[in-house]
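Engineer: Everything below, folded, please.
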Amino acid sequence: MRCGFRHENKLRAVGIARIAGIDEAGRGALAGPVVAAAAILPERFRLRRLKLKDSKQLSPERREEIYEYLASRREIAWAVGVVDNLEIDRINILRASHQAMRIAVAGLTISPDHVLIDGLPVFPFPLPQTAIVDGDCLSFSIAAASVLAKVTRDRLMRDFCAQFPQYCFSQHKGYGTELHLQKLHEYGPCPIHRRSFEPVAQPLFAF
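Structural biologist: Residues are numbered from 1 along each chain as shown. Purely as a prediction, here's the structure:
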């Protein structure tokens with residue numbers, strides 16, 4: 001099924017007007033924060049030329065282009081929530097992802113009536129919700145949030161690369177690639193690594 005407004009339109013048909021899509025980025029990384037975004041698109045939103053869809057299906061250049069478009073439109077309300085690696089280690093990644101989503105929604109300048117969340121339901125949550133598996137491929141609102149979250153996190157990881165250049169964070173964004181594992185083996189974990197995650201928690205790396 002193609003990405004569209006099917007889920008949003010079902011809600012609008014019963015009088016629910018302000019609908020936010022929510023998605024996160026960085027849940028599976030070994031380093032850096034988890035970032036969530038919430039986005040409320042106007043009912044007649046169109047982005048044909050840029051072909052909005054799940055951020056994982058877009059090139060980095062296309063993600064940046066769509067991000068700049070979304071961020072520049074006054075009719076689009078959006079916000080991000082960031083939870084760092086220390087909090088991830090303290091409360092676990094699932095709770096940290098949910099916390100980032102709640103922060104993102106709280107940052108919106110317009111309060112939504114309902115949220116569409118990529119994946120499984122989030123509890124507790126301050127608003128009525130609909131969880132959609134693969135929602136970033138099915139809902140334009142969630143796809144927009146996916147791009148906003150991914151680009152925000154990628155930019156943060158490039159900033160961390162300037163602080164810790166030996167880990168090449170700008171290339172792998174903290175995920176467990178062969179390059180990242182090689183650098184982790186060579187230098188051990190740095191302050192933004194998630195100490196509760198394998199393989200960072202292995203005795204070989206924990207020094």
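
Engineer: C-alpha from now on. contacts and neighbour counts both.
Structural biologist: Noted.

Engineer: All the strands of the chain, in order from the start?
Structural biologist: 19-25, 34-40, 77-83, 114-118, 129-132 (DSSP state E).

Engineer: Of these, which stretch is the most buried?
Structural biologist: Mean neighbour count (mean count of other Cα atoms under 10 Å) peaks for strand 34-40 among those, with a mean of 31.

Engineer: Relative to that strand, what are the paired strands and their orientations?
Structural biologist: In the sheet, strand 34-40 lines up against strand 19-25 (antiparallel), strand 77-83 (antiparallel) (DSSP bridges).

Engineer: How about residues contacting that strand?
Structural biologist: 18-27, 76-85, 96-97, 100-101, 104-105, 108, 112, 141-142, 144-146, 148-150, 152-153 (Cα atoms under 8 Å, 6 or more residues apart in numbering).

Engineer: on that earlier part again, of the strands of the chain, which is nearest Glu186?
Structural biologist: strand 34-40 (24.7 Å; Cα to Cα).

Engineer: how close does the nearest residue to Ala39 once chain neighbours are set aside get to Val200?
Structural biologist: In space, and not counting its chain neighbours, Ala39 is closest to Trp78: 4.3 Å by Cα to Cα, 6 or more residues apart in numbering. Going from Trp78 to Val200 by Cα to Cα, to the nearest Å gives 33 Å.

Engineer: what's near enough to touch the residue nearest to Ala39?
Structural biologist: 37-40, 71, 107-109, 145.

Engineer: just to revisit the earlier point, select, out of the strands of the chain, the one closest to Arg62.
Structural biologist: Nearest of the strands of the chain to Arg62, taken as Cα to Cα: strand 19-25 at 16.6 Å.

Engineer: rewinding a little: could you save the contacts of Trp78 as a markdown table and add columns showing distance to Leu58 and pLDDT?
Structural biologist: Converted to a markdown table, the contacts of Trp78 look like this (distance: Cα to Cα, whole Å; pLDDT from 0 to 100):
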| residue | distance to Leu58 | pLDDT |
| --- | --- | --- |
| Ala37 | 17 | 98 |
| Ala38 | 19 | 98 |
| Ala39 | 18 | 98 |
| Ile40 | 21 | 98 |
| Ala71 | 17 | 95 |
| Gly107 | 26 | 98 |
| Leu108 | 25 | 98 |
| Thr109 | 28 | 96 |
| Ala145 | 14 | 97 |
